[in-house]
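Novice: Pasting the sequence and the predicted model now:
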Amino acid sequence: MADFLLELLSEEIPARMQARARNDLARLFAEAASEAGLTTGAVATFSTPRRLVLIARDVADATEASREELKGPRANAPEQALEGFLRKTGLKRDQLEERDGVYFAVIAREGRAAAEVLAEAIRKIVADFPWPKSMRWGDGSQRWVRPLHGIVAMLGDAIVPVEIDGIASGATTVGHRFHHPGPITVGGASDYAEKLRACHVIVDQDEREALIRDGAATAAKAAKLALLPDEGLVVENAGLTEWPVPLVGRFDDDFLDVPREVIVLTMRTNQKYFACTGADGLLAPAFVCVANIAANDGGEAIAQGNARVLAARLADARFFWEQDVKVPLEEQAAKLSGIVFHEKLGTVADKVERVAKLARWLVEEGIVGVSDDRVEEYSQPRESPTKGGKPVEIPGVARDMLAGLVERAARLAKADLVTGMVGEFPELQGVIGGYLAEAQGEPTAVADAIRDHYKPVGQGDEVPTAPVTVAVSLADKLDSIVGFFTIGETPTGSKDPFALRRAAIGAIRLILENGLRESVYFIAGEAFGNLFAPGGPLDGHKHWDDQNVADVTHFVIDRLKVQQREAGIRQDLIDAVYARNADDLVLLLARVKALQGFVETADGTNLLVAYKRAANILKKEKWEETLRQAQGERDGLEGEEAALVAALDAAEPTASAAIEKEDFTGAMAALASLRAPIDSFFDKVTVNDPDAAKRERRLNLLLRFRDAVNRVADFSRIEG
Amino acid sequence: MSLSFQDLILTLQHYWGGHGCVLLQPYDMEMGAGTFHPATVLRALGPDPWKAAYVQPCRRPTDGRYGENPNRLGAYYQFQVVLKPSPDDLQELYLGSLTAIGIDPLKHDIRFVEDDWESPTLGAWGLGWEVWCDGMEVTQFTYFQQVGGFECKPVTGELTYGLERLAMYIQGVDDVFDLKFNDAGVTYGDVFRENEVEMSAYNFEVADTEALFDLFKKAAGECERCLEAKLPIPAYEQAIKASHVFNTLQARGVISVAERQAYIGRVRDLAKAACGAWLERSA
């Protein structure tokens, strides 16, 4: 047994492709080895900008010889059958063995030397490598992510001979591009990493990542700064360097006027720098870049050069910022009528109009309001924090005031889409609008809403709680869902081009986490109304109907099930409660949770069994509501019947009252009180009594029991 | 002492001339990038080897800033090197050119950062990098895979140096107009600032858009006539002309988002047809 080393040396591999390339290399190697029957120990893969490396421990010296026997046709079978068998096995007739009138093919494979198998594996890996994009170079037709220059392939200390497109394998590679550009001969897997380290190449990306992570933090600390951690940058810089050296650079304080997000984003995306904060926790005019050399001047020239590049970029950003600040957001918003949102749903200005109406309506209907503990925030006059703008007073919590703020925020929320800043940094939509609103003296609540109205983006993102933001965000998402449903662009399978599932999850989280109490159906209906309003893009089109609204409501409930799965809420229970026309999500979920608590107790499990038994009997007997008689006289009831009637008499009003009061645990307790009487009933009483009157009476009782349970939740939808 | 703008050009010419490139002069037509020069586009097609280096003035009307922005120009210079087939040591040759102009790779951080190149108007694409020097992009380094919609076989290696940026880096100046043009006290601003001011005004405010729309149609028509006459080089020139007219119309802001794609497609069709004719003729 020996260790196998493979290094594929090329020109610089894009950083973003390296992690997947390591996995693909490991997978292709494992496939090739297992196909050939070559056993190996642990396999590890590494990457640097210029190399992809695989080390397989304890590779067997050879593959095992194998013998396989295939049963063929009978000797007296038709000729075609024999011909088919010969084709399949690749043998001639005289190579077959005949035993007991049946042909057998014996296929023996000799063991092959590991080096031979490995050479074949290397050829296959290079030929099949799934680079996201590959290229040709020079005169050749070989493809690789960038020109391939060398192959180190060694089993133990021996070269595994292989040649690919004129590149012969060997034991020679190169060190760092600038520190050690000459050839290095390695002895095998055992000394590879150490030999390269001596030549300024750290082969293991994890080690480079750690060096960058810790080195950047240390460098920042030495300059009395704190690094803003960014794991994506750590990985990217590790993919750009063979010998990472973090260096601190500085930029002019003046640039701190530019919104913080813009500075951080410029540094991260354009330059791959880490941002830093000062002792006060605010963004510092400094950065950490990661060089690929141990510079002969200690890195001074590199830090200065990078600082100059950043200054030019920030000057550009500041230019856009200064231009944008001069134009009132209202003026920018007017330009949205020139941008198509979707050809069938009108312009972005049309969408803004709908969102403003719907958001305002959410407040006017009292669906979004100011909770008691936050009234204070909305009753104090407050000053806008900006220097230039006039102080804006928010005097009272009147619904009208809130509605006004909401409408204002909604009308300005998309205005930043036409700013130069968002043109340069599209991922800052909202954020830029928030800054501009603040700088232009909009009320803080409006600026906050503009900034945060895209939130929450997906499951992990923070959910807005400020009422103005909540109203705009919810209206924006609902308008998109309703709009795309109307034009038939509903998500199917893996396709969700307009991210409606994400929008629905966002809406659900806004509703649940802010305790917004209203029927989804009702809100969706209003959104439909807006969409088809006179003057809107769908004015004059076929009208919407209840089915459209129901489709959207079902879609939201489906997303709720997915969203709640992680929290351990059972989907069948959501269905059971939703079937009771409960589509106020806050109530729905409270009821589902109470139900889940109940059905998982002994009482709940037994009651469910009894319910199913009752439902089955009723179904079998085709006993329906129509057959039910008026409350019969109660005389002559047998003991268990009387007990059940009494229990129902008590439980029904209790359960109803509890549901009315939204006391779902109470409702469940009322149901629990039925468990003992119904169990005794089934134990002692025969429903199908020969006496027709008794039978009818008992079926009616079961019907009453079933309906009583069903009023709390549709138990027929509960599994188990 | 660091190299002046003109010495930078001379040094690069000397270096690449020494590596077997024919040193060409700029093409005498308006174009948006050195790549458009027929010595790159047409010579990248077909089987014949080719090595050339040249300076190309580039015009990007939308990037003009009236001479007020220290980093943006409506007209600037690229130094273009094409080597076909791309040699195995192209990266080393390139790094040698950086050393020649005074950049010490053990003092400055030279990096090859992924940047795939695509020219929708030429129907061309390639893979490569932008080369960074201390975080500044100084060169576009590309292995052409397709030009005019045709596979490049063999592959041409293309190096495009942004001369102003490179000179700013070497000279350590923060404003392009402060660059030393020569060692006798003439600055880049002395030579070109007025051009920037007037050309920005022309491109953004004055250019007669109707005449330009007309010119676009005429160039396209002329290109087609040349194609019929089996004259790929004049056909290609007309495609370049149409491309520049389109760029000016863009700067004037009279081409809508929807129309933009249609114009690019039209130029691409012309360029592709010229490339096809070139291949046919040399086949």
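Specialist: Arrived safely.
Novice: and the gap between A:Phe29 and A:Glu331?
Specialist: Distance from A:Phe29 to A:Glu331, counting by Cβ to Cβ, to the nearest Å: 61 Å. Every C-beta, even on glycine, is put in place using the N, C-alpha and C of the backbone.
Novice: Who has more neighbours out of the two?
Specialist: Per other Cβ atoms under 10 Å in any protein chain shown, whichever of A:Phe29 and A:Glu331 has more neighbours is A:Phe29, with 23 against 11.
Novice: and the residue of the stretch 1-150 of chain B found nearest chain A, how many neighbours?
Specialist: Closest residue of the stretch 1-150 of chain B to chain A, Cβ to the nearest Cβ: B:Asp134 (2.8 Å). By other Cβ under 10 Å, the residues close to B:Asp134 number 26.
Novice: ok, now A:Ile159?
Specialist: Counted with other Cβ under 10 Å, the neighbours of A:Ile159 add up to 17.
Novice: these two touch, right, it and A:Thr172?
Specialist: No: at 9.7 Å, A:Ile159 does not count as touching A:Thr172 under the criterion of Cβ atoms under 8 Å.
Novice: quick one: stretch A:156-169 near chain B?
Specialist: No: between stretch A:156-169 and chain B, judged by Cβ under 8 Å from any Cβ of the partner chain, nothing touches; the nearest distance is 9.6 Å.
Novice: Up against chain A, what does the stretch 101-250 of chain B have?
Specialist: By Cβ under 8 Å from any Cβ, the part of the stretch 101-250 of chain B that sits against chain A consists of B:104-114, B:116, B:126-129, B:133-136, B:143, B:145, B:153-155, B:157, B:169, B:174.
Novice: Buried subset of these, written for ChimeraX?
Specialist: Per 16 or more other Cβ atoms under 10 Å in any protein chain shown, the buried members of those correspond to this ChimeraX selection:
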select /B:105,107,108,109,110,111,112,113,114,126,127,128,129,133,134,135,136,143,145,154,155,157,169
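Novice: Now do the nearest residue to B:Lys180 once chain neighbours are set aside against B:Gln78, distance only.
Specialist: Nearest residue to B:Lys180, sequence neighbours excluded (Cβ to Cβ, 6 or more residues apart in numbering or on different chains): B:Ser4, at 4.5 Å. Distance, B:Ser4 to B:Gln78, using Cβ to Cβ: 18 Å.
Novice: same deal with A:Ala42?
Specialist: 51 Å.
Novice: More neighbours: these two, which one.
Specialist: B:Gln78 (23 against 9).
Novice: Mind giving me the packing neighbours of the helix or strand hosting the more buried one?
Specialist: According to DSSP states H and E, B:Gln78 maps onto strand B:75-84. Counting by 3 or more Cβ pairs under 8 Å, 6 or more residues apart in numbering or on different chains; DSSP states H and E, the packing neighbours recorded for strand B:75-84 are helix B:5-18, helix B:38-41, strand B:50-59, strand B:157-162, helix B:163-171, helix B:188-201.
Novice: One more pass at 10 Å, please.
Specialist: Secondary-structure packing of strand B:75-84 (3 or more Cβ pairs under 10 Å, 6 or more residues apart in numbering or on different chains; DSSP states H and E): helix B:5-18, helix B:38-41, strand B:50-59, helix B:90-100, strand B:136-147, strand B:157-162, helix B:163-171, helix B:188-201.
Novice: List the contacts of A:Leu25.
Specialist: A:Leu25 is in contact with A:6, A:8, A:43, A:45-47, A:52-54, A:125, A:129, counting by Cβ atoms under 10 Å, 6 or more residues apart in numbering or on different chains.
Novice: go with 8 Å
Specialist: Neighbouring residues of A:Leu25 by Cβ atoms under 8 Å, 6 or more residues apart in numbering or on different chains: A:45, A:52, A:54, A:125, A:129.
Novice: mind checking the backbone torsions on B:Glu130?
Specialist: With angles defined as degrees, to the nearest 10, B:Glu130 sits at phi -100, psi 140.
Novice: if we can go back for a sec, can you lay out the helices and strands packed on strand B:75-84 as CSV showing mean pLDDT?
Specialist: Below are the helices and strands packed on strand B:75-84 laid out as CSV (pLDDT from 0 to 100):
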stretch, mean pLDDT
helix B:5-18, 98
helix B:38-41, 97
strand B:50-59, 97
helix B:90-100, 97
strand B:136-147, 96
strand B:157-162, 98
helix B:163-171, 94
helix B:188-201, 96
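Novice: Mind putting those into a markdown table with distance to A:Gly420?
Specialist: Converted to a markdown table, the helices and strands packed on strand B:75-84 look like this (distance: least, Cβ to Cβ, whole Å):
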| stretch | distance to A:Gly420 |
| --- | --- |
| helix B:5-18 | 30 |
| helix B:38-41 | 33 |
| strand B:50-59 | 23 |
| helix B:90-100 | 34 |
| strand B:136-147 | 21 |
| strand B:157-162 | 23 |
| helix B:163-171 | 22 |
| helix B:188-201 | 17 |
